[in-house]
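Asks: Quick one, structure for this:
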Amino acid sequence: MDKRECPFVHYIFVLIIGFIISVILYYTLWESHIYAIHTFLEAVCLFIGASTFLIAWNTADKMFKTNYIIGYGFLSVAIYDAYHAYLFVSQSLAHDIFMDLNMKYWILGRFCEAIVLYLVSLNALNLKLNKWLALTIAMIIPFGTAAIIYEFPWVFPAMITVEGSTLAKGAIEFIIILLIFLSIVNLSKHFDHDSPVSFRHFYMALIIAIPTEMMFIAFSSIYSFNIVYGHVLRVFYYYYIYRSVFVAYVEYPYEKMQLEKIKLEEAYRQLEESKHEILRRQDVLMQQEKLALLGQMGAGIVHETKNYLTTIKASCQLISLLTKEEGTIKHAKKISKNVDEMDQIISKFLFMARPRDTEFTEVSMCDLLQSLEGLILSTSIVKKVDVCFENSKEERYLLCDEGQINQVILNLCKNAVEAMEGMPSAKLTIETGYDDAANEMYVSVIDNGKGISAADLVRIGTPFFTTKSMGTGLGLYVCNHIIKEHKGRLEVSSELGCGTTFTIKLPCLIEEEEDEDEKEYTNNMLEMSCNI
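Replies: Predicted structure coming up:
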């Protein structure tokens, strides 16, 4: 039965199939071959009951306790049914004594079934008996009661007389249906579509048992349709009992093993992912340790190198002052220029190894750009690059290190000028603006140079990555580091052949903070006035 299948739909399907089979048997064979058909249907139930017992017997050490009860319980039921089937065929049904005896064995078999089903629904008998002891009990009870009833019929109340069914028979049948109904209620509390298949087969057997018993109660004679329909439904009912035991021992463990396999595969996959993540973190940690060691070594080397560069530069300046030979002066200036470039490169390495502390002060973005205009213009004009400043009319204050922000802007402008080298109509645009929604000031450095490819764009800002033939790949890394220290962002967009735009976005001071600073300044001035 499919796990996704609704039990009610399956139940209706069984009732319909059972009804069709019963109609065929009733109108073709029942009246003419009543003993043969009855014996055949009883034999099928006996075979299923015996098979259920054999599964429980041969798997006693591994069997679930509920299926253990079913197996040995239905052995007792099979013994009662065997007595009933034998008497039905061999004895004269006209004889009131044997008719009543036959009915007693039948009722005892149904009552034993109901008790077994109810015990299973309660999940009773936590301790399993030795299988030989359980077999002895399962056989003594039906054989003993059958012998007692046969020898002393008055011990058990009469079930049927010439007038029909007795009150005792009706009372016992009512108890049987009540026990089955209570069993269904007990199982319904735990039933869901994800329950084990064996559990759902047992549930299906219980709900089929209700109409089965009702058919046996409602019959008027042994030739009535109710008897045929009841026996056919009983075969289905026994089949689902057998399936609940068989599936629990054979199919369900396999299904559980498959689920465990899936869980193990998932756990293994997660373990592999964790392993790769640990290795990745180890690699990152080793890389960081290498960079830290490199930084420490580099800081020492850079410091000593800068001392020698200072000496070389001072010597060049001294040569320029002492000599009047143009060639010597020219070479001295060239050496001095190269020393300055080396000093800049070394300073970048030194910043990476041991960056200085950031000193935050209130700075106006407009004032900051105005202070840089002359320097940007002088360096750009030499390279034959037109410069255009588009300053925002919004006046906002930033909390930043003015020297570091100047370093970032000048470095971006220097890169932009170098990217436009040798290109006609080279133009550098420096644009400022204010984003009211984010409360940010931005500075965009725009060039119409050769641009950056998409592959290189994703690596921009990575240490030691550069597109310049003589670059170090540290300039943008340092710039990005400075902007992050200021809780800002450095964004870049570029298109080959069209140019590149670098945008610095920095958070502005909130107006409330500015008002508090002004208020504090005013209070300080008042205190000073009072003191005076």
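Asks: tell me the domain boundaries of the chain?
Replies: Structurally, the chain divides into domains by automatic domain parsing as follows: 7-252, 361-517.
Asks: From the chain's centre, how far out is the shortest one? Work that out for me.
Replies: Here domain 361-517 shows a centroid-to-chain-centroid distance of 44 Å under the convention C-alpha atoms, centre = their mean, to the nearest Å.
Asks: Can you list the helices and strands that the helix or strand harbouring Phe8 packs against?
Replies: Phe8 is located in helix 7-25, with elements delineated by DSSP states H and E. Packing partners of helix 7-25 (3 or more C-beta pairs under 8 Å, 6 or more residues apart in numbering; DSSP states H and E): helix 197-217, helix 225-246. In short, each C-beta sits where N, CA and C put it, glycine included.
Asks: Quick one: closest of those helices to Phe8.
Replies: Proximity of the helices and strands packed on helix 7-25 to Phe8 was assessed by C-beta to C-beta; the nearest stretch is helix 197-217, lying at 8.7 Å.
Asks: okay, that closest one in CSV with CA atoms only?
Replies: Presented in CSV, the C-alpha positions along helix 197-217 are these (Å, rounded to 0.1, in the frame of the first residue of the first chain):
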residue,chain,number,x,y,z
VAL,A,197,3.6,0.3,6.6
SER,A,198,3.0,-2.7,9.1
PHE,A,199,1.1,-0.3,11.4
ARG,A,200,-1.2,0.9,8.6
HIS,A,201,-1.9,-2.7,7.4
PHE,A,202,-3.0,-3.6,10.9
TYR,A,203,-5.2,-0.5,11.0
MET,A,204,-6.8,-1.5,7.7
ALA,A,205,-7.5,-5.0,9.1
LEU,A,206,-9.4,-3.5,12.0
ILE,A,207,-11.6,-1.2,10.0
ILE,A,208,-12.5,-4.2,7.7
ALA,A,209,-13.3,-6.3,10.7
ILE,A,210,-16.2,-4.1,11.7
PRO,A,211,-18.4,-4.7,8.6
THR,A,212,-17.2,-8.4,8.6
GLU,A,213,-18.7,-8.9,12.1
MET,A,214,-21.8,-6.9,11.2
MET,A,215,-22.5,-9.2,8.3
PHE,A,216,-22.3,-12.3,10.6
ILE,A,217,-24.7,-10.6,13.1
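Asks: Tell me the buried residues in it?
Replies: Of the residues in helix 197-217, those with enough neighbours to count as buried (16 or more other C-beta atoms under 10 Å) are 197-213, 215-216.
Asks: Counting by contacts, list what that helix packs against.
Replies: Where contact means 3+ C-beta pairs under 8 Å, 6+ apart, helix 197-217 is packed against helix 7-25, helix 65-90, helix 96-122, helix 167-188, helix 225-246, helix 252-322.
Asks: how about JSON lines for those, with mean pLDDT and distance to Ser364 added?
Replies: As requested, the helices and strands packed on helix 197-217 are exported to JSON lines (pLDDT from 0 to 100; distance: least, C-beta to C-beta, whole Å):
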{"stretch": "helix 7-25", "mean pLDDT": "87", "distance to Ser364": "77"}
{"stretch": "helix 65-90", "mean pLDDT": "79", "distance to Ser364": "83"}
{"stretch": "helix 96-122", "mean pLDDT": "81", "distance to Ser364": "83"}
{"stretch": "helix 167-188", "mean pLDDT": "86", "distance to Ser364": "77"}
{"stretch": "helix 225-246", "mean pLDDT": "86", "distance to Ser364": "84"}
{"stretch": "helix 252-322", "mean pLDDT": "76", "distance to Ser364": "33"}
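Asks: okay, those in TSV with distance to Phe143 next?
Replies: Conversion of these to TSV gives the following (distance: least, C-beta to C-beta, whole Å):
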stretch	distance to Phe143
helix 7-25	32
helix 65-90	6
helix 96-122	12
helix 167-188	20
helix 225-246	21
helix 252-322	33
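Asks: Tabulate the ones you listed (a markdown table), appending mean neighbour count.
Replies: Rendered in a markdown table, the data for the helices and strands packed on helix 197-217 read as follows (neighbours: other C-beta atoms under 10 Å):
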| stretch | mean neighbour count |
| --- | --- |
| helix 7-25 | 14 |
| helix 65-90 | 22 |
| helix 96-122 | 21 |
| helix 167-188 | 17 |
| helix 225-246 | 23 |
| helix 252-322 | 12 |
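Asks: between the ones you listed, which one is nearest to Ile149?
Replies: Minimum separation from Ile149 across the helices and strands packed on helix 197-217 (C-beta to C-beta) falls at helix 96-122, 5.6 Å.
Asks: Next secondary structure after that closest one?
Replies: Using DSSP H and E, the helix or strand that follows helix 96-122 towards the C-terminus is helix 131-151.
Asks: can I get the domains of the chain in TSV with distance to Lys334?
Replies: As requested, the domains of the chain are exported to TSV (distance: least, C-beta to C-beta, whole Å):
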stretch	distance to Lys334
domain 7-252	84
domain 361-517	16
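Asks: out of the ones you listed, which comes closest to Val339?
Replies: The nearest among the domains of the chain, by C-beta to C-beta, is domain 361-517 at 15.8 Å.
Asks: I'd like the average pLDDT over the closest one.
Replies: Domain 361-517 shows a mean pLDDT of 80 in the predicted model.
Asks: How much space separates the residue nearest to Thr323 when sequence neighbours are not counted from Thr52?
Replies: Here the nearest residue to Thr323 in space, its sequence neighbours aside, is Ile329; by C-beta to C-beta, 6 or more residues apart in numbering that works out to 6.3 Å. With the distance defined as C-beta to C-beta, to the nearest Å, Ile329 ends up 114 Å from Thr52.
Asks: same thing with Lys427?
Replies: The gap separating Lys427 from Thr52 is 93 Å, by C-beta to C-beta.
Asks: Looking at those two, which is more packed in?
Replies: Between Lys427 and Thr52, counting by other C-beta atoms under 10 Å, Thr52 is the more crowded of the two (26 against 17).
Asks: Can you pull the phi/psi pair for Ser493?
Replies: The phi and psi values for Ser493, taken as degrees, to the nearest 10, are phi -140, psi 140.
Asks: Could you list the buried residues of the one helix or strand Ile37 maps to?
Replies: Secondary-structure element containing Ile37, defined by DSSP H and E: helix 34-58. Of the residues in helix 34-58, those scored as buried under the neighbour-count criterion (16+ other C-beta under 10 Å) are 34, 37-39, 41-42, 44-46, 48-53, 55-57.
Asks: tell me how far that helix is from the chain's mean position?
Replies: A distance of 48 Å separates the C-alpha centroid of helix 34-58 from that of its chain, computed with C-alpha atoms, centre = their mean.
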